[in-house]
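# quick check, what structure comes out for this input:
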Amino acid sequence: MQQLNFPSYKFRFKNNENKLSIFDEIRKKFILLTPEEWVRQHCIHFFTQEKNYPKSLINVEKELFINGRKKRYDSVIFHSDGSINILIECKAPHISITQKTFDQIAQYNLELNADYLMVTNGLQHYYCQMDFDNKRYIFLADLPDYKKN
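Prediction:
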């Protein structure tokens, strides 16, 4: 798999019928290793190992309904009270991050109301803080580390 713009992490892999899978520590199972999954797993390790977020506050690939249509977010990190702290949108490394990507995560966030957004293709990372009063997001250099409430 392609080298990404994240620190180096140790992953568990499994090869079954010439299909490589990677162990997801959140879902606690092996997941088919696609380029997007490679980015998602790096994000999980980044938040648990670099930012110190507990695995128990991270949720991966769940459905939500927006305007009556079924969608699926990549990852969220909750606050201990159950509200959403960070919404993460992962793309494969060959997918460019465009305004359409930001529109997608912003649309999801109308439903989820996360405090922060992260958009990444593993090579480029964008971080935003929501400004709900002015209905916009503010770009940041980084996201905050975990702080116990």
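# what's the distance between residue 6 and residue 48?
12 Å (CB to CB, to the nearest Å). All C-beta spots, glycine's among them, are computed from the backbone N, C-alpha and C.
# overlap in contacts, the two.
Residues touching both residue 6 and residue 48 (CB atoms under 8 Å, 6 or more residues apart in numbering): none.
# isn't residue 61 right up against residue 73?
Yes. Assessed by CB atoms under 8 Å, residue 61 is found in contact with residue 73 at 7.2 Å.
# out of those two, which sits in the busier spot?
residue 73 (23 against 16; other CB atoms under 10 Å).
# ok, now which ones touch the more buried one?
61-62, 64, 87-89, 108, 112.
# same check, this time on residue 39
Residue 39 sits in contact with 4, 90-93, 120-122, where contact means CB under 8 Å, 6+ apart.
# which of these are buried?
4, 90-91, 93, 120-122 (16 or more other CB atoms under 10 Å).
# ok, so of those residues, who is nearest residue 52?
residue 120 (18.8 Å; CB to CB).
# ok, now which ones touch that closest one?
If you count contacts by CB under 8 Å, 6+ apart, then residue 120 has 39, 43, 88-91, 97, 126 around it.
# who's it bridged to?
residue 90, residue 125 (DSSP bridges).
# for the chain, which residue is closest to the average position?
residue 88 (3.0 Å; CA atoms, centre = their mean).
# assumed that residue was part of a helix.
No. Residue 88 sits outside any helix when classified using DSSP: H, G, I helix; E, B strand; the rest coil, being strand.
# what's the closest non-adjacent residue to it?
residue 75 (4.1 Å; CB to CB, 6 or more residues apart in numbering).
# the one you found is in contact with residue 85, isn't it?
No. Taking contacts as CB under 8 Å, residue 75 lies outside contact range of residue 85: 11.3 Å.
# where does this structure have its least confident helix or strand?
One helix or strand of the chain scores below all others by mean pLDDT, DSSP states H and E: strand 58-66, with a mean of 80.
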